[in-house]
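*Asks:* Show me how the following folds:
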Amino acid sequence: MIPGQNQSWVSEFILLGFSSDHTTNSILFIVFLLIYLSSVLGNGLIIMLVCLDTQLHTPMYFFLCVLSLLDMSFVTTTMPQMLVHLLAYSQAISFTGCWMQMYVFGALGITECTFFVVKAYDRYVAICYPLHYTVILNWGLCIRLASGTWICCFFSSLVHTFFTMSLSYCGPNRVNHYLCEGPSVRSLACMGTHLIEMLDLVLSVFLVIVPVSLIVASYIHIAKAILKIKSTQARCKAFSTCASHLTVVTLFYAPAIYIYMRPNSSSSPEQDKQVSLFYNVFTALLNPVVYSLRNKDIKRTFLKVMGYGR
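*Replies:* Sure, this is the predicted structure:
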């Protein structure tokens, strides 16, 4: 059965967004436009600098490029439409458009969620086995880790989206959100959603709890290795790098767990909209700052490209 085949009662959804007041929406438009442009420019700059400088052609910066591409794609899945809806009189999205946004949003979100494990593994090898770093993380393994993550997560999102959009939607079509996110759309279904909620819970365990556990395990080993470093300066630098990564991971995982690992009955639409901004919008904005603007190699390459360095 094709998703949407039994959805003859609803042909489109209305995304309510954050406010119905025109003045408020105009202010939000400016704020979110600046955030979106900053996210795209920041992550795009990282990709460009890594591609231009051969000294940055290492596993660490390869993974950083993939993460930046993920962030750009993830935020672009929702922000342009949200910006249009903030100024437009109609906030309608077709059933097919909603299905596609839910699928791509979920796929990219799960991919980023899982890719943080790859980043943690990269830091684990770099700190715990520095002399064997390039041998363990050879280019073949790097490419397999990146491509395997994308393929598996896009398939997982397809399963989740299929079941959600195969529900009967016969009543209200007003989604109290700024995007077609699974729990928000599912709350409008004209039939029981208990089985799909259980499926969400199972998927969340494998796609959220397991990655979080692996990241925590990696950083426990990293912390032990850092504590063995005799140089205080080197130890502080290593801890600073790890703390930055863990900050971004927390900002991404905490709201995702809050939204997807609880039943619909305990959901608060207004709160969900605000919480989802953290892992959809603000993480993409913060990643360039956390991973790159504090990185001397990235700054050196930027100055060289601008003509201020050698």
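
*Asks:* Centre of the chain to the strand or helix carrying V50, how far?
*Replies:* Here V50, judged by DSSP states H and E, is contained in helix 22-52. Distance of helix 22-52 from the chain centroid (Cα atoms, centre = their mean, to the nearest Å) equals 15 Å.

*Asks:* OK, contacts around V159?
*Replies:* L199, L203 (Cβ atoms under 8 Å, 6 or more residues apart in numbering). From N, CA and C alone the C-beta is placed, and that goes for glycine too.

*Asks:* per-residue confidence at it?
*Replies:* Model confidence at V159, given as pLDDT, is 83.

*Asks:* Also F13?
*Replies:* 89.

*Asks:* Then it would be within a helix, right?
*Replies:* No: secondary structure of F13, determined by DSSP: H, G, I helix; E, B strand; the rest coil: strand, with no helix assignment.

*Asks:* just checking, it touches F95?
*Replies:* Yes: look at F13 against F95 with Cβ atoms under 8 Å: they come within range, at 7.0 Å.

*Asks:* neighbour count winner among these two?
*Replies:* Set F13 next to F95 and count neighbours by other Cβ atoms under 10 Å: F13 wins out with 25 against 18.

*Asks:* The helix or strand containing S276: what's the following helix or strand?
*Replies:* In the assignment (DSSP H and E), S276 maps to helix 269-277. Remark: after helix 269-277, the chain's next helix or strand is helix 283-288, criterion DSSP H and E.

*Asks:* how about the CA coordinates for that following helix, as PDB?
*Replies:* This file holds the C-alpha atoms of helix 283-288, laid out as PDB (Å, rounded to 0.1, in the frame of the first residue of the first chain):
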ATOM      1  CA  THR A 283      22.600  22.700  16.700                       C
ATOM      2  CA  ALA A 284      23.300  23.600  13.100                       C
ATOM      3  CA  LEU A 285      24.200  27.100  14.200                       C
ATOM      4  CA  LEU A 286      26.400  26.000  17.000                       C
ATOM      5  CA  ASN A 287      28.400  23.300  15.300                       C
ATOM      6  CA  PRO A 288      30.600  25.600  13.200                       C
END
